[in-house]
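Enquirer: the following block contains a protein sequence and its predicted model.
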Amino acid sequence: MTSRLIVIITALFLAAATLGPAMDLKDITYATDAGKVVFSHTSHLQKKTRTTSNFRCKACHDGSKEKNRNYTMTDMEKGKSCGACHDGKFAFTVKENCEKCHQA
C-alpha cells in the first residue's frame, strides 16, 4: 500500500514538473497614455540567472495583486507592479529610457 502511494506521489510530481514549462506564456499588452506597453513573460523568464534564481511566476503572481488594476508611474516608483523589480537595483528603474517599455 505505501509503495503504491509513493509511486502515485512521484508520478504527480513528475507530471507537474513536465507540464509547468509547457504553459502557454502569452505577451500582455497594456494601453497607457504614453503608448502601449507589451509585457513578455518569455523574455522576463529568460533573465533568470544564478543571482536571480528566485525569479519565478510567484514574484508577480502571488495572489495579492488586484486584477485589472491600472498602476501609474508614481505607483511603480513606489515599488508597486513593475516597480517591484524595476527599482534600479534588481533591474533598470521605471524612470530610465521610457522606450524600453513604452512603444510610441
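Expert: Yes, it's here.
Enquirer: what segments of this protein are helices?
Expert: 2-19, 41-45, 73-77 (DSSP state H).
Enquirer: average pLDDT across the longest one?
Expert: Confidence over helix 2-19 (mean pLDDT, whole number) is 69.
Enquirer: now stretch 38-45
Expert: Averaged over stretch 38-45, pLDDT sits at 86.
Enquirer: how far off centre is that stretch?
Expert: 7 Å (Cα atoms, centre = their mean, to the nearest Å).
Enquirer: OK, contacts around E96?
Expert: Residues near E96 by Cβ atoms under 8 Å, 6 or more residues apart in numbering: G88. For glycine as for every other residue, the C-beta is placed from the backbone atoms N, C-alpha and C.
Enquirer: not counting its neighbours along the chain, what's nearest H102?
Expert: Nearest residue to H102, sequence neighbours excluded (Cβ to Cβ, 6 or more residues apart in numbering): G35, at 4.3 Å.
Enquirer: for that neighbour, grab the count of nearby residues.
Expert: A total of 13 residues lie near G35 under the criterion other Cβ atoms under 10 Å.
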